[in-house]
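[1] Got a sequence here, can you build the structure:
(chains A and B)
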Amino acid sequence: MTMLKMTISLKNLKEIADLLNTVVTEAKFKVTPEGLSVKAVDPAHVAMVSMEIPRGAFVEYTTDGEEELAIDVERVKSVIKLASPNDLVTMSRDGGKLRFEISTIVKSISLLDNNSVTTPRVPQINSESYVVVSKGNLERGLKAAEDVSDSIRLTLNGQELRARSVSDSEESEMILPKDMLKEIKCSQTIKSSYPLEYLLKLVKSLSSAEDIKLSFKDDYPLTIEFKFGQSKESESISGNFLLAPRMEQ
Amino acid sequence: MDDLEKYRPTRVSDLIVNNKILEQITQWLRSWENGVPAKRAIILHGPPGTGKTTTAYAIAGEMGLPVVEMNASNERSSESMKQVALMASLYRDLSTFDESVKREYDHIILIDEADNIFESRNSRVGGDTGGLTELAKIIKSSRSPIIITMNEFYDFRRKAAGKDIVANSVVIEFRQFQRVRDSDYKSFKLSLLQRIRHISEEEGLQFDPSVVERAIEVNRDDIRSIINDSLSSFSYRGEGASGFENGGRDSETSIFDCMRDTFKSRDYDRILQDLFGKDFETEDYLMWIDENARSEVQETEDLESVYRLIAEADIFMGRVMHKQHYAFKGYAEEILAGVSFEIAKPNTHFVKYDFPKRILRMSRMRDGKETRRSLLTKLSRICHTDRSVLEDNMWYFRSLAKSKKALAEMQSVLSLTEKEVTLLKKG
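    Next comes the predicted model:
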């Protein structure tokens, strides 16, 4: 049994848990001397998240080997509800348990069986076109579409981003012209549809982000890169969300 | 012998499944290459242990496709159906996404044991409320093949949403053979013998074909039980031979296995062992025996003594329930377990065990009571009157409901369900 002890700010731990929880309820972390990494896919294989948490993102990080930690994400969320915003959370492995120390409270949750949680293979994705939008704008457009359909169709050309949802009886569309976009790189018109509920949940869970970068192409997975914590590369938590495209007629 | 999982076939050629069945499934999957077919789901129904789930996985594995599964241990309410089955039915699969590969569909959706989707009007009781109705909708728009497995096809078809699902699915009965004289039966037996010989060699067990043949007689086409029973009665090489009688499954015994053993095995200890690991109540056991005695027993005199025994056990049960000495339920079980010894001329043919009608009727009655209650609650809210008063004055609402206009208005104001409307018209 290896020894493992890590201390992280509540804010970062909460964001990590929220991000994972948009996709799964259980996740398996890979622990190395360099830090933690995790990959997870939802049961329908339409939403995936992969995340790197370098040792620099922790206040304290000690391990003497490599191991895997299968964790019930919802349990973690309920444990850290006990903390106040500026608290530090110390987690250590205690046999089959993960022990939390939050100011005056010590609480242990049991770890899951490593074989019961699978780690997905992350596909090779390369899409050159992308757009950076403010989180507020994007969230508004997605919320407008929320009760219309299960999917949202993104259309991007050099001039604008459109996000449109249609059902038999209703429709909703957001149009963001070039001057309302933070950045845009797109040489031709591309369009693809994605699961709306997941997209909205992902955007909401990125609590510290101001802008969201969407990369995609025709009927191709959507990539959302994220980065939070410290601004220094070796101390920031980073990763990708992937959403599967809808099969078109 | 707890880890037989590793011998579960992963290739289609290793399956012990009737070729005609395999041919139908692969043909249906192939039809997707010419565009989405009219029937986007396939129902595989048959007794437990016949390889329905294993077949689905082997076919998907051979095509290199992942399986998106919703089984009985998952919640299968309409919300979860949307989250998993609906999403998987319309979107591509990230776990195998590859731009250079062009596929008609990316994964196979498996709804395992669909007859165990437990629907109830009351979402507190029925964890899977709305699940079947949602599944019926999903099937109509799916872009991925959906495989649905179940044991009880005929009960399933009786449900409203079940009927809809059946109408939009290819239906295949998972029967390995029809009669013991069939050539299908011979090839089934041969493949099983080969498979069990292979496993026992791997596990270092003494293979004995006569044990397998007996296991096949007892378990019919339940491959899982045949393999488990055979292997558990083989002895390790070098040790003395142990018989089939000593072997036993210690896993949970389903009511079907238990029925078969109770009526056919004539092995009292084995039946008691089954009952020890049972996953149902003594009351259920009693009602199942009562329901199925008629189809199992052929001679009138035999049936008479069987019923005498059931009656005796029932008296015990009555007293146990009355005094609330539940620990004594075991006595009723031990009486019932001897039912096969009352049968002078045992039935050697396969018997399809039915679900007790009494339980079905009771649940339907409960359903009716619930409808009445919810209708009265809705009326009482708008009339500001107690339910019991309204109940005495239902004649008024019944005559009101005779006018189409009034009925339509009541329906929209009270948002009545179909069942409530029927009840309202009847009074």
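
[2] From now on I want contacts and neighbour counts done on CA atoms only, so please keep to that.
    Fine.

[3] Could I get the contacting residues of the closest residue to residue B:377 other than its chain neighbours?
    In this structure, residue B:377 finds its nearest non-sequential neighbour in residue B:387, 6.4 Å apart by Cα to Cα, 6 or more residues apart in numbering or on different chains. By Cα atoms under 8 Å, 6 or more residues apart in numbering or on different chains, the residues touching residue B:387 are B:376, B:377, B:379, B:380.

[4] quick one, phi/psi of residue A:115?
    Phi and psi for residue A:115, reported as degrees, to the nearest 10, are phi -70, psi -20.

[5] quick one: it from chain B, how far?
    Residue A:115 is 14 Å from chain B, where distance means Cα to the nearest Cα, to the nearest Å.

[6] quick one: which of the contacts of residue B:387 is nearest residue A:99?
    For these, the minimum distance to residue A:99 (Cα to Cα) is 50.0 Å, reached by residue B:377.

[7] Look up which residues are beta-bridged to whatever residue of the stretch 51-200 of chain B ends up closest to chain A.
    Using Cα to the nearest Cα, the single residue of the stretch 51-200 of chain B nearest to chain A is residue B:91, 4.1 Å away. Taking DSSP bridges as the rule, residue B:91 bridges to residue A:246.

[8] Inside helices: which ones of the contacts of residue B:387?
    Of the positions in the contacts of residue B:387, B:376, B:377, B:379, B:380 sit in helices, assigned by DSSP state H.

[9] domain assignment for chain B?
    Domains of chain B are assigned by automatic domain parsing as B:5-173, B:183-249, B:251-355, B:365-426.

[10] And the average pLDDT for stretch B:30-48 is what?
    Mean per-residue pLDDT for stretch B:30-48: 91.

[11] buried set for it?
    B:32, B:36, B:39, B:40, B:41, B:42, B:43, B:44, B:45, B:46, B:47, B:48 (16 or more other Cα atoms under 10 Å in any protein chain shown).

[12] Can you measure across that stretch, start residue to end residue?
    27 Å (Cα to Cα, to the nearest Å).

[13] returning to that earlier point: can I get the ones in helices among the contacts of residue B:387 in JSON lines with neighbour count?
    Below are the ones in helices among the contacts of residue B:387 laid out as JSON lines (neighbours: other Cα atoms under 10 Å in any protein chain shown):
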{"residue": "B:376", "neighbour count": "21"}
{"residue": "B:377", "neighbour count": "18"}
{"residue": "B:379", "neighbour count": "20"}
{"residue": "B:380", "neighbour count": "17"}
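
[14] residue furthest from the geometric center of chain A?
    Among residues of chain A, the one most distant from the C-alpha centroid is residue A:169; the distance is 32.6 Å, by Cα atoms, centre = their mean.

[15] Could you confirm that residue falls within a helix?
    No. Secondary structure of residue A:169 (DSSP: H, G, I helix; E, B strand; the rest coil): coil, not part of a helix.

[16] in the chain, which ranges drop under the pLDDT threshold?
    Using chain A here. Chain A contains residues with pLDDT under 70 at A:1-2, A:249.

[17] Actually, chain B is the one I wanted.
    B:1-4, B:119-127, B:179-181, B:235-253, B:363-364, B:427.

[18] how near is the residue of chain A found nearest chain B to residue B:143?
    Relative to chain B, the nearest point of chain A is residue A:246 (4.1 Å; Cα to the nearest Cα). With distances taken as Cα to Cα, residue A:246 is found 10 Å from residue B:143.

[19] So for these two, which residues contact both of them?
    With Cα under 8 Å, 6+ apart, residue A:246 and residue B:143 have common neighbours residue B:90.

[20] which bits of chain A sit near chain B?
    Applying Cα under 8 Å from any Cα of the partner chain, we find that chain A lies next to chain B at A:41, A:43-48, A:120-124, A:194-195, A:221, A:242-247.

[21] So which of the residues you listed are in strands?
    A:41, A:47, A:48, A:194, A:195, A:242, A:243 (DSSP state E).

[22] between these, which is closest to residue B:322?
    The closest of those to residue B:322 turns out to be residue A:41 (Cα to Cα; 52.7 Å).

[23] I figured that closest one was touching residue A:26, is that so?
    No. Using Cα atoms under 8 Å, residue A:41 makes no contact with residue A:26, being 10.0 Å away.

[24] Residue A:11: which of the contacts of residue B:387 is nearest?
    Looking across those and measuring by Cα to Cα, the closest to residue A:11 is residue B:377, at 47.9 Å.

[25] Tell me which of the buried residues of stretch B:30-48 fall in helices.
    Using DSSP H, no member of these sits in helices.

[26] Could the C-alpha coordinates of the helix or strand containing residue B:315 be exported in CSV?
    In this assignment (DSSP states H and E), residue B:315 forms part of helix B:300-323. Extracted as CSV, the C-alpha positions of helix B:300-323 are listed here (Å, rounded to 0.1, in the frame of the first residue of the first chain):
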residue,chain,number,x,y,z
THR,B,300,-56.5,-36.5,-11.8
GLU,B,301,-55.6,-38.6,-8.7
ASP,B,302,-52.1,-37.0,-8.6
LEU,B,303,-53.6,-33.6,-8.9
GLU,B,304,-55.9,-34.3,-6.0
SER,B,305,-53.1,-35.3,-3.7
VAL,B,306,-51.0,-32.4,-4.8
TYR,B,307,-53.8,-30.0,-3.9
ARG,B,308,-54.2,-31.7,-0.6
LEU,B,309,-50.6,-31.0,0.1
ILE,B,310,-50.9,-27.4,-1.0
ALA,B,311,-53.9,-27.0,1.3
GLU,B,312,-52.0,-28.3,4.2
ALA,B,313,-49.1,-25.9,3.6
ASP,B,314,-51.6,-23.1,3.2
ILE,B,315,-53.1,-23.9,6.6
PHE,B,316,-49.6,-23.6,8.1
MET,B,317,-49.0,-20.3,6.2
GLY,B,318,-52.3,-19.0,7.5
ARG,B,319,-51.4,-19.7,11.1
VAL,B,320,-47.9,-18.3,10.7
MET,B,321,-49.3,-15.0,9.2
HIS,B,322,-52.0,-14.8,11.8
LYS,B,323,-49.6,-15.2,14.8
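
[27] What is it packed up against?
    helix B:282-296, helix B:329-336 (3 or more Cα pairs under 8 Å, 6 or more residues apart in numbering or on different chains; DSSP states H and E).

[28] which residues are contacting the shortest one?
    Meaning helix B:329-336. Contacts of helix B:329-336 (Cα under 8 Å, 6+ apart): B:272, B:275, B:282, B:285-286, B:309-310, B:312-314, B:316-317, B:320.
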